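A.B. asks: okay, structure incoming, though there's no sequence with it:
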């Protein structure tokens, strides 16, 4: 079994969760915050068989889009932290894949 | 060391946490949501020595019960998502076991 | 790539996040609770290249301090759970290091 930790933008979550439910992918949702932009996002934890990995990545690919936003961000200017407005690219989704040795249900 | 990610129903959490505290199992609690039923649950992260794994699984086994509930769930009927009432079995606990290479304390 | 799961006290979070942002360490923040003291803390998930591990541990080391606090805690006295006041040492940070097989961005 594999563990996928999937970090997505809040805007992309409704479509992705619909695809997961439709295809009986069990997931656990964590409400999280991205550190750099201090922006709420959604982290999903999914444990699946190795042979469904590509399928799950397909749902992510088709629902999660990169966006560009004008945001005030904190940056270090060499002396101190300053708030500046930047066009920032917000990634569509980040997926970390790890190994699950065992999956148990009680 | 091993990482156990334990997803339990909110109803089972008080008993389980009592057993963990009583036996000095250190755990971190995440308030989470199950995707399929959109129902709040609790995810616990525990890092333990391999030889305490069976002990921890015993506490989970004795506190976490499968339940059947009448729930309105969203399902795909081939055309669109529809809300239907279903008797759904809610698992007592799901445990994912992974490997922790190193545990550091500062 | 490596996954670092970093559990820190809320008091230490502002300094640590400043160092992470300053050095472009991407992290996801989870609001969590320590089981034993039932005290809110912060869990950060960071995925980094192996050769930046020591650097990240350095930021943790310099921001996260062990504290001693008078706290009311629940303990098992052999018969039942009782609330007692204890001087408890609260660890500065706990870091679990695991392996990330793959990191994908969409």
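C.D. replies: That came through, no problem. Everything quoted here is computed from the prediction, not taken from an experiment.
A.B. asks: now the helices for chain A?
C.D. replies: Using DSSP state H, the helices of chain A run over A:13-22, A:53-63.
A.B. asks: hmm, the shortest one touching chain C?
C.D. replies: No - for helix A:13-22, no contact with chain C is found by C-beta under 8 Å from any C-beta of the partner chain; the gap never falls below 10.7 Å. All C-beta spots, glycine's among them, are computed from the backbone N, C-alpha and C.
A.B. asks: now do the buried residues in that helix.
C.D. replies: Using 16 or more other C-beta atoms under 10 Å in any protein chain shown as the test for burial, helix A:13-22 gives A:13, A:16, A:17, A:18, A:19, A:20, A:21.
A.B. asks: ok, so of those, who is nearest residue C:87?
C.D. replies: residue A:13 (43.7 Å; C-beta to C-beta).
A.B. asks: residues contacting the closest one?
C.D. replies: Shown in contact with residue A:13 (C-beta atoms under 8 Å, 6 or more residues apart in numbering or on different chains): residue A:42.
A.B. asks: for it, give its distance to residue A:64.
C.D. replies: 9 Å (C-beta to C-beta, to the nearest Å).
A.B. asks: hang on, the earlier thing: now the buried residues of helix A:13-22 in a markdown table, with pLDDT and distance to residue C:81?
C.D. replies: What follows is the buried residues of helix A:13-22, written out as a markdown table (pLDDT from 0 to 100; distance: C-beta to C-beta, whole Å):
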| residue | pLDDT | distance to residue C:81 |
| --- | --- | --- |
| A:13 | 96 | 39 |
| A:16 | 97 | 42 |
| A:17 | 96 | 38 |
| A:18 | 95 | 43 |
| A:19 | 96 | 44 |
| A:20 | 96 | 39 |
| A:21 | 93 | 39 |
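A.B. asks: dump the residues you listed to TSV, plus distance to residue A:68.
C.D. replies: Output for the buried residues of helix A:13-22, formatted as TSV (distance: C-beta to C-beta, whole Å):
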residue	distance to residue A:68
A:13	19
A:16	20
A:17	24
A:18	25
A:19	25
A:20	27
A:21	30
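A.B. asks: can you tell me which of those residues is nearest chain C?
C.D. replies: Distance ranking of the buried residues of helix A:13-22 against chain C, using C-beta to the nearest C-beta, places residue A:16 first at 10.7 Å.
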